[in-house]
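Trainee: One predicted model, sequence on top.
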Amino acid sequence: MVGHPYGSDVTAGRWNLSNGANIVVVDMPSSHIDHDNDDVDNKIADWLKSNFTGKCCPGILFLHSLDSNLARDHMLIPSHLETFAKAFHNEFTVPSRVYIMPTSIVDPTLSSEILSQRLLQLNTVVEGLKGDGNRKWHASLFPGVFKGQPEMAWSVLLLLLKDMSQTQAEGSISPPIRPALERMSPQLPNDRLALKDFADLLFKEFREIGRNSDLDAITILGRTALELSLPGHPQNHLALSDLADLLLEQFKKEGTKGGSGEITTLKRAALECIPQNHPKRQTILLELDDCLYERFRREHAMADLEEIITLRRAVLELTPPPDRCRQLLNLANSLHEKFEKRRLVNDINEAVSLAIDALGLCCPGHPDYPLSQDHLATYLKAKVRTRDVRAHASDTSSSVPLDIKERVKHVFFEKAEKLPPRLLHTPTGVLCNRDAQLSHFEHSLQYKQLLSSTFPRGSQQLETEINDTISEFFGFTTLSHRWGVGEPLLRDIEGKRIYELGGTDGLAKLQDFCILALRHSFQWAWSDTCCIDKDSSAELQEAIGSMFSWYHRSSLTIVYLADVAGTGSLANSVWFKRGWTLQELLASETVFFYASDWSPYMNSDAANHKTDPALLEELCQATQIAEHHLRNFDPGMEDARSRLCWASHRRTTRPEDMAYSLFGIFGVQLPVLYGETSQNALGRLLAEIVSRSGDVSVLDWAGEESSFNSCFPANLVPYQAMRHIQLTSSDPAGREGLDFEKARKLYNDLARLPLARCVHRRIVLPSIVYRVTAVTQKVGSSDNPLRYTNHIRASRLMPLEVISAVNLDEGADKYILVRPWHPKSLRVRTGSDDDAIWNLLEQLEQPFNALLLERLLHNEYKRIACDCTITARVHGPASILDSEVLTLEVV
């Protein structure tokens, strides 16, 4: 529905879809709050009653002109929306999905500052709609200003249709069928895939038109097409790559700050989506290479060059021998550039070898022949020049064999790959990249001692001495803290001495941290505020993926508790409520806690506060984490649900960071996709946990379900409750008369079940299935009339009661109760050991938390009644033997 505040008539158009449903676009009037609305309300209500006989799934597109100053009338939009809502009586579904689209005309009296201010006002109003006391709107602000561009109009329409489709799917609302509004259009399937195909078609057409003046509008349409992409769709790489190309065009035209980072991220995502043997894979590799190389030429980041080398190796593998000449030279050129930066002989040697190979692929007269000759000459000259310079060096170490220096440099870069790329030099307060770190070492006494070592060249003793010396020299301290006001970023301190700066509390904290690290005899320090280039998506991705490792490899982690006095309580600090600090605590082997005045917490003089008995006990109480995990934590999938419970009481500033902050704790490497929903980020993490471990304990929760998969929670809050079931004692006499062959078959059936896994958002779930045979309902109770009491009977289970916001249908054949299964639950049989079988029967006789599933089309299932715990128990030992064992697919 499109709202026009000054209109007075209701007009509409309908698109009949191939499945018998309709999409109806209604142009409806509203009114200002200072006019009589009764006439408008009656017109809308009368029109609805005369054209619809059943429920529909409506949405509202509200066009708001930025010429209006919402600061003077912030109730304008809510009043219009309420006008629409009042027209929908009980027989209709009240619209909840709303898209507010800002519009503007070219008005020279309105400056860009005023327009920006009004956009902020509009955003505040939209956010207020979500918490409206009378009605909860699912309101969204369209990320652009409509100035008559058709690209913008199609984008907002597609987004609104997607949201309405989601509402329809969640509410099982059938679209209306009404022989009115006879205007027809090409028929499309009513699903998200159709919207995606339509968005792709529009995007292609507008790109071909070449509307350069509306590049922003086409970009928004491209983002819309990408948002409509289905996970795992074989054409996703095209949407990602097309949007990246469009952003590249915009970047070249406007020089948008940070644009190159998003372009690179999209190309990386496209590369991850496309199969290894896809004919377009090489093209995307080359496009990503171009993006990274363009950025490397501007910023000279070694991380980009390393990735370029990796990409060029991959391209070389995909190129057939007759066409490899240029690819060989491209790889050789990147290795030469790396050599110029780091002076590693292996790099220039490989560049020479690749140039020789390229020369051997073409005959004299071929256009690539002189090119290969020129490259080879350049690399040989670089190699000889380096050797010549070293041979004639006049410093005191010129007589030292080159192999020692090269070996020291090689070991340094080998170890540096596992450390943060930037470290603060605590004696000077200067932020150093790896080249500067190496320079400090080469001017140190330790380096001179290595060069004069008496151990034989090439001996294991010399190798050990080099490794130990470099490891000791580059021992570093990490800071763990709660971000505060005025934290210094990379650009604030780059090329400066932090001890000579002043002005903010955050900078003072950084200075005190570095001085404290120096007092602990460490030359190097690292802080997450200023040692990461957050403008580089590649570096940010690497930092998040490496954070756990960096804290684990640090020699000391200093935890600064700005809100705790020397005698205060550790547990009261906000540090224990933040998401990222959990992995910092667990990863660090040695930790010192410091109060707000930088004095040791409780004046503890222990060499490691993790070994101080009193402090360790307080840590256990504050975190609810067992002592052995705090002292010696191993990342991985073991006891996954407990690890999720540790994080469930914590929060992050960016919602998706709650999932990203757990990557290191579970030892997973997943893409960091800022801008995705928190449910999607958590869903990807849980899918990885299930797929790698088969652990079904993460499915044991009660709360709000995720849009990623119905068996996953929308957030970590449901994991706060530890799932304990009161076990019952079994009667050994119950074994008498049991059919042991059936018991053995059940054991074998369960042993053959595969591990649970998640593929394309679908969980393949091995389970013991109990089919629901009867459902009866009783609506709510006096204290909560919005919940339903469902009495359920299922095969081989005792009758049970489910109190949920879900009102189950009495058609029981569509429901099943399942007990998710993990093979580790089986005790291993040895030979003719029948005790394992009896152990299984005793286990299955115990109460368990069941999942209630509803059967969908195509033999798929969806979990329902997620908001309550369903504890079930079998009738008795005999009923266990008839258990139905299946592997289900749950969406």
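Mentor: Received the coordinates, thanks.

Trainee: by contact count, what packs against the strand or helix carrying Leu288?
Mentor: Using DSSP states H and E, Leu288 maps to helix 281-299. Applying 3 or more Cβ pairs under 8 Å, 6 or more residues apart in numbering; DSSP states H and E, one finds that helix 281-299 makes contact with helix 236-254, helix 259-273, helix 302-318. Quick note: C-beta positions are derived from backbone N, CA and C, even for glycine.

Trainee: Next, the buried residues of the longest strand along the chain.
Mentor: Using DSSP state E, we find that the single longest strand of the chain is strand 762-781. By neighbour count with 16 or more other Cβ atoms under 10 Å, strand 762-781 contains the buried residues 762-770, 772, 775.

Trainee: Let's see it as PDB, backbone CA atoms only.
Mentor: Taking C-alpha atoms only, strand 762-781 is exported to PDB below (Å, rounded to 0.1, in the frame of the first residue of the first chain):
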ATOM      1  CA  ARG A 762      19.000 -27.300   6.400                       C
ATOM      2  CA  ILE A 763      19.800 -29.500   9.400                       C
ATOM      3  CA  VAL A 764      20.200 -33.200   8.600                       C
ATOM      4  CA  LEU A 765      19.100 -34.500  12.000                       C
ATOM      5  CA  PRO A 766      19.500 -38.200  13.100                       C
ATOM      6  CA  SER A 767      16.700 -38.900  15.500                       C
ATOM      7  CA  ILE A 768      14.500 -41.300  17.300                       C
ATOM      8  CA  VAL A 769      11.000 -40.400  16.100                       C
ATOM      9  CA  TYR A 770       7.700 -40.500  18.100                       C
ATOM     10  CA  ARG A 771       4.600 -39.900  15.900                       C
ATOM     11  CA  VAL A 772       1.900 -37.700  17.400                       C
ATOM     12  CA  THR A 773      -1.400 -39.500  17.400                       C
ATOM     13  CA  ALA A 774      -3.700 -37.000  19.100                       C
ATOM     14  CA  VAL A 775      -3.800 -33.300  20.100                       C
ATOM     15  CA  THR A 776      -6.400 -31.600  22.200                       C
ATOM     16  CA  GLN A 777      -6.300 -27.900  23.300                       C
ATOM     17  CA  LYS A 778      -7.400 -25.700  26.100                       C
ATOM     18  CA  VAL A 779      -6.900 -22.000  25.700                       C
ATOM     19  CA  GLY A 780      -4.500 -20.400  28.200                       C
ATOM     20  CA  SER A 781      -5.100 -19.900  31.800                       C
END
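
Trainee: Show me the strands paired with it, marking each as parallel or antiparallel.
Mentor: strand 757-759 (antiparallel), strand 784-794 (antiparallel), strand 815-820 (antiparallel), strand 884-890 (antiparallel) (DSSP bridges).

Trainee: Off-centre distance for it?
Mentor: How far strand 762-781 lies from its chain's middle: 32 Å, per Cα atoms, centre = their mean, to the nearest Å.

Trainee: Equivalent analysis for stretch 311-330, please.
Mentor: Put simply, stretch 311-330 sits 33 Å off its chain's centre (Cα atoms, centre = their mean).

Trainee: now swap in stretch 690-707 and tell me
Mentor: For stretch 690-707, the distance to the chain centre is 17 Å (Cα atoms, centre = their mean).

Trainee: quick one: average pLDDT of it?
Mentor: Mean pLDDT, computed over stretch 690-707, is 94.

Trainee: same thing with stretch 626-636?
Mentor: In the prediction, stretch 626-636 has an average pLDDT of 93.

Trainee: Ok, stretch 540-549 next?
Mentor: 92.

Trainee: For it, give me every contacting residue.
Mentor: With contacts defined as Cβ atoms under 8 Å, 6 or more residues apart in numbering, stretch 540-549 is touched by 265, 303, 418, 420, 528, 532-534, 580, 583-584, 587, 635, 660, 663-665, 667, 669, 671-672.

Trainee: Specify the local secondary structure of Ile803.
Mentor: Under the three-state scheme (DSSP: H, G, I helix; E, B strand; the rest coil), Ile803 adopts strand.

Trainee: and it, what does it touch?
Mentor: By Cβ under 8 Å, 6+ apart, the neighbours of Ile803 are 787-790, 868.

Trainee: Might you calculate how far the host helix or strand of Lys509 sits from the centre of the chain?
Mentor: Using DSSP H and E, Lys509 sits within helix 505-519. Between the centre of helix 505-519 and the centre of its chain there are 32 Å (Cα atoms, centre = their mean).

Trainee: Kindly report the same for stretch 336-353.
Mentor: For stretch 336-353 - counting by Cα atoms, centre = their mean - the centre lies 36 Å from the chain centre.

Trainee: And that stretch, what's buried?
Mentor: Those would be 336-339, 342-345, 347-348, 350-352, for stretch 336-353 by 16+ other Cβ under 10 Å.

Trainee: Fine, thanks again, bye for now.
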